[in-house]
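Colleague: Here is my input; please provide its structure:
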Amino acid sequence: EADKEAEDSKPSGPRMLKLYVSRAQKKAERERELSEKHEQSKLERQNRYQGVNLYVKNLDEKVTDEILHKEFSQFGSITSVRVMREHVDEKEAAEEPAAEGEEAESADEGK
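Modeller: Residues are numbered from 1 along each chain as shown. As a prediction, this is how the structure comes out:
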C-alpha cells in the first residue's frame, strides 16, 4: 500500500501547456489587431441575429412601443417594435361570471 501511495504522489508525466507564438508586435499594433477582431466578431453576432423576433410577456399597461424601442435599442439596431395586448371586451367580461353562475346553479339542481 505504501508503494501505491508513493506512485500516486509522483507526477504522471510532463505537463502539457499550449503556447501561442507569433512575431513581436508593438503595443499599438496588437491593440489595433485585437480591436479589428472584436469589431468583426460583433458584426458576425449582429448578422447572426438579424431578423430575429423577440416576444416579451406580462408587460405593464403603461409600456408603449416607444419605451420598448428605447430600452432595447441599447443592444443593437431595431427594425420595428409593436406592443400587442390581449383585449377583453367589457361585454365579454360581464357575461363570463353570469355563465359560470348559471352552470353552477344547474349543476346543483342536478344533484
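Colleague: outside of the helix or strand Q40 falls within, which residues touch it?
Modeller: Using DSSP states H and E, Q40 maps to helix 27-48. Contact with helix 27-48 is made by Q25, G76, S77, as judged by CB atoms under 8 Å, 6 or more residues apart in numbering. Heads up, the C-betas are built off the backbone N, CA and C, glycines and all.
Colleague: how does it look with 6 Å?
Modeller: Counting by CB atoms under 6 Å, 6 or more residues apart in numbering, helix 27-48 makes contact with no residue outside itself.
Colleague: moving C-terminal of it, what's the next helix or strand?
Modeller: Using DSSP H and E, the helix or strand that directly follows helix 27-48 along the chain is helix 65-72.
Colleague: okay, that following helix in CSV with CA atoms only?
Modeller: Provided in CSV are the C-alpha atoms of helix 65-72 (Å, rounded to 0.1, in the frame of the first residue of the first chain):
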residue,chain,number,x,y,z
ASP,A,65,-43.8,51.0,-28.4
GLU,A,66,-41.5,53.9,-27.8
ILE,A,67,-40.5,52.7,-24.3
LEU,A,68,-39.7,49.2,-25.6
HIS,A,69,-37.7,50.7,-28.6
LYS,A,70,-35.7,52.9,-26.2
GLU,A,71,-34.9,50.1,-23.8
PHE,A,72,-33.9,47.5,-26.4
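Colleague: Going by neighbour count, which residues in the helix holding Q40 are buried?
Modeller: By neighbour count on 16 or more other CB atoms under 10 Å, the buried set for helix 27-48 is empty.
Colleague: now do stretch 64-83
Modeller: L68, V81.
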